[in-house]
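Q: here is my input, please return the structure:
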Amino acid sequence: MPGSANSVFTPKSATDARLIAEELHNMVAESSDGYMAVRKWAINRMSAIGADFYLHTFTHREKPFTSMRFFSSPQQMPRNWNSTRDGDLGVNTVGIIKAPRAEGNEAVVLVTPFTLDGGKLSSADKLTLSFGMALFELYGSANWLARDVIWVLADARCDSHTAVAAWLEEYHEPKLHFLSAAELAHLYGQITDGMGDASVLEFKRAGFISAGLVFQVSAGNRGQVDSIKVSAEGPNGQMPNLDLINIINTLAQWRRLNIHLDDIIGVRESALLRGLGGVIENIGYIAGKVHGDWGFVMSASSYVESFATLCASFLNQAIGRSTGAHGAFRDYQIDAVTLNMFAGGDLESSSYQIDLFTRYGRLVEGVMRSVNNLLEKFHQSFFLYLLCSPSKFVSVGLYMIPLGLLLITLPLGAAALNSALNKADEIGPTSDSQVLNPHSTNASIPKSTTTKVVGESKENAGRWRRAILVVQQLARFE
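A: This next block holds a predicted model:
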């Protein structure tokens, strides 16, 4: 049950996270290479708690329009080990905590993407990394872990999706790299600056990844209420199991956090839609007055927000592009979402940071506990759905009915043409007009007209037959 355990992320943990943020800020400010400073900071703290750690290098590449990894052979990622240009070589810092009560067969992945702007770490990314470190250190001393915890500090210089996809690719598809001693020394010196030994480049693994959670702190509009935006759409319209979103929504409501989904502003601000929402609200009110069981409570604003969210969910799935770094997990059929935590207060205020860390830390801890207690993968709920709100959805059983009615007209039309053609061949040319037009009388029709109509019917039927054969061949090819 989500939220049934007492949270161990206390205000003291939030205070520690604030101190960690100050430490990180000072290290980046004093260093000439901000990314190197972040790596040193992460490795030093991971080493202090006895966690495994390593650096994963990858080269930035053009992200394809759509991901077809699940249907085709994996793509090979080219590597340029000798590249020294800033921006060509990305470096993910990865830490692993082994569960004390498990055999290391399963793992949960936490991802915190970050980037530097002009060598400086933004306040939002600083809080994101310190928040992740506070949680990671908390899990390092937790005795309730049944799954290993992997924390990935994703180098998002190109974009976070590329960084996570590169790490997942090597996690599931190990590669052999034939590097000379000189190349290895050059790479080691380029990304570590003498941190530890060359074993820091050795790729380490935990168990099978059962779920992933990407989270980051973002600066919202000053004065607005803090909120969390959940992004779930993956490549090719793939969605995580609905139970994962239900867990997050349940915990957010229990913690009294404002949670929402992506929507389309133009639709939400439509005057026509607001008017239609008012009509639906009045219909529900009148129906309730006529009969108590007929009424339904749906305000105009709720209708508008749900419709705007539904349109965004439909559009994101139709386009086939991932809405965040979580989309890389769907290539391996791993359930994952992105939590974008918008802060409406002053990110430099110590008291506000502690309050922010406390509320969001308990939410992430609750999600981790729920995933940690799973006996198997999420499978009880839907994988095909459209979201109207964090607590409402349209299942595949509803939206496939109108889609099926639209598609069934194609084979029915082909069958009608084929039936008319067969009857015309059996009856003969004198009755062709009656076959093609059942409502016609027995009046005589010129033979030339009948022959022309029958010829057009044969031609149309032939086109339909060829189209059906092409579709069947494509289905066999795929």
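Q: gap between the helix or strand containing residue 310 and the chain center?
A: Element membership for residue 310 (DSSP states H and E) is helix 300-319. Between the centre of helix 300-319 and the centre of its chain there are 16 Å (CA atoms, centre = their mean, to the nearest Å).
Q: swap in stretch 214-222?
A: For stretch 214-222, the distance to the chain centre is 17 Å (CA atoms, centre = their mean).
Q: strands of the stretch 51-200 of the chain, residue ranges please.
A: Taking DSSP state E, counting those that start in this stretch as the test, the strands found in the stretch 51-200 of the chain are 52-59, 89-97, 106-111, 116-117, 120-121, 148-153.
Q: what segments of this protein are helices?
A: Per DSSP state H, the chain carries helices over the ranges 11-30, 34-48, 123-140, 160-172, 181-192, 242-254, 265-268, 271-290, 300-319, 327-330, 350-372, 396-427, 432-436, 447-477.
Q: need the pLDDT of residue 205.
A: Note for residue 205: predicted pLDDT of 90.
Q: same question for residue 219.
A: As predicted, residue 219 sits at a pLDDT of 84.
Q: quick one: contacts for the closest residue in space to it that isn't next to it in sequence?
A: Using CB to CB, 6 or more residues apart in numbering and skipping the chain neighbours, the partner closest in space to residue 219 is residue 124 (5.1 Å). Yep, even glycine has a C-beta here, placed from its N, CA and C like the rest. Counting by CB atoms under 8 Å, 6 or more residues apart in numbering, residue 124 touches 216-219, 343, 347.
Q: shaky segments in the chain?
A: 1, 3, 61-88, 176-198, 222-223, 292-297, 379, 425, 427-478 (pLDDT under 70).
Q: same for the longest strand along it, what does it pack against?
A: Counting residues, the longest strand in the chain under DSSP state E turns out to be strand 208-219. With contacts defined as 3 or more CB pairs under 8 Å, 6 or more residues apart in numbering; DSSP states H and E, strand 208-219 has these neighbours: strand 106-111, helix 123-140, helix 160-172, strand 335-343, helix 350-372.
Q: send the alpha carbons of stretch 313-330 over as CSV?
A: Provided in CSV are the C-alpha atoms of stretch 313-330 (Å, rounded to 0.1, in the frame of the first residue of the first chain):
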residue,chain,number,x,y,z
SER,A,313,-1.9,13.1,-24.2
PHE,A,314,-3.4,12.2,-27.6
LEU,A,315,-1.0,14.5,-29.5
ASN,A,316,2.1,13.3,-27.7
GLN,A,317,1.3,9.7,-28.3
ALA,A,318,0.4,10.4,-32.0
ILE,A,319,3.6,12.2,-32.7
GLY,A,320,5.6,9.4,-31.2
ARG,A,321,8.2,11.5,-29.5
SER,A,322,9.2,11.0,-25.9
THR,A,323,8.3,13.8,-23.4
GLY,A,324,11.4,13.3,-21.3
ALA,A,325,14.4,11.1,-20.4
HIS,A,326,12.0,8.4,-19.1
GLY,A,327,11.3,7.5,-22.8
ALA,A,328,14.7,5.8,-23.0
PHE,A,329,13.5,3.2,-20.5
ARG,A,330,10.5,2.2,-22.7
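Q: check which residues of that stretch are buried.
A: Residues of stretch 313-330 classed as buried by neighbour count (16 or more other CB atoms under 10 Å): 313-314, 316-317, 320-330.
Q: what about the residue lying closest to residue 23 once chain neighbours are set aside, neighbour count?
A: Excluding the flanking residues, the one nearest residue 23 by CB to CB, 6+ apart is residue 41, at 7.1 Å. By the measure other CB atoms under 10 Å, the count of residues near residue 41 is 22.
Q: I'd assumed residue 27 was in contact with residue 41.
A: Yes - under the criterion of CB atoms under 8 Å, residue 41 makes contact with residue 27 at 5.1 Å.
Q: gap between the residue nearest to residue 219 and residue 218?
A: Per CB to CB, to the nearest Å, residue 124 is found 5 Å from residue 218.
Q: shared neighbours, the two?
A: Joint contacts of residue 124 and residue 218 (CB under 8 Å, 6+ apart) are residue 343.
Q: residues touching the residue nearest to residue 23, list them.
A: Going by CB under 8 Å, 6+ apart, residue 41 touches 23-24, 27-28.
Q: make JSON lines out of the residues you listed and add distance to residue 249 and neighbour count.
A: Output for the contacts of residue 41, formatted as JSON lines (distance: CB to CB, whole Å; neighbours: other CB atoms under 10 Å):
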{"residue": "23", "distance to residue 249": "34", "neighbour count": "15"}
{"residue": "24", "distance to residue 249": "31", "neighbour count": "22"}
{"residue": "27", "distance to residue 249": "37", "neighbour count": "17"}
{"residue": "28", "distance to residue 249": "35", "neighbour count": "23"}
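Q: from the residues you listed, pick the one nearest residue 255.
A: Residue 255 lies nearest to residue 24 out of the contacts of residue 41, by CB to CB, at 26.1 Å.
Q: centre of the chain to stretch 345-361, how far?
A: That offset, for stretch 345-361, works out to 26 Å (CA atoms, centre = their mean).
Q: what about the residue nearest to residue 244 when sequence neighbours are not counted, distance to residue 234?
A: Closest residue to residue 244 apart from its sequence neighbours, by CB to CB, 6+ apart: residue 335 at 5.0 Å. For residue 335, the distance to residue 234 (CB to CB) stands at 10 Å.
Q: shared neighbours, the two?
A: 240, 329.
Q: closest to residue 279 out of the helices and strands packed on strand 208-219?
A: Nearest of the helices and strands packed on strand 208-219 (CB to CB): strand 335-343, 32.8 Å.
Q: given the closest one, what are its sheet partners and their directions?
A: Here strand 335-343 is paired, per DSSP bridges, with strand 208-219 (parallel), strand 227-231 (antiparallel).
Q: please state the offset of it from the chain centre?
A: Mean-position distance between strand 335-343 and its chain equals 9 Å (CA atoms, centre = their mean).
Q: ok, now stretch 27-36?
A: Remark: stretch 27-36 is offset 31 Å from the chain centroid, using CA atoms, centre = their mean.
Q: for it, which residues meet the burial criterion?
A: Neighbour-count burial for stretch 27-36, counted by 16+ other CB under 10 Å, picks out 27-28, 31, 34-36.
Q: stretch 51-61 now?
A: Neighbour-count burial for stretch 51-61, counted by 16+ other CB under 10 Å, picks out 51-60.
Q: show me which residues of stretch 244-260 are buried.
A: Those would be 244-252, 255, 257, 259, for stretch 244-260 by 16+ other CB under 10 Å.
Q: next: stretch 391-399.
A: Going by neighbour count (16+ other CB under 10 Å), the buried part of stretch 391-399 is 393-394.
Q: measure it end to end?
A: 18 Å (CA to CA, to the nearest Å).
Q: ok, and what's touching it?
A: So stretch 391-399 is contacted by 242, 246, 249, 306, 310, 382, 384-388 (CB under 8 Å, 6+ apart).
Q: buried among the residues you listed? Make that a PyMOL selection.
A: Per 16+ other CB under 10 Å, the buried members of the contacts of stretch 391-399 correspond to this PyMOL selection:
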select buried, resi 242+246+249+306+310+385+386+387+388
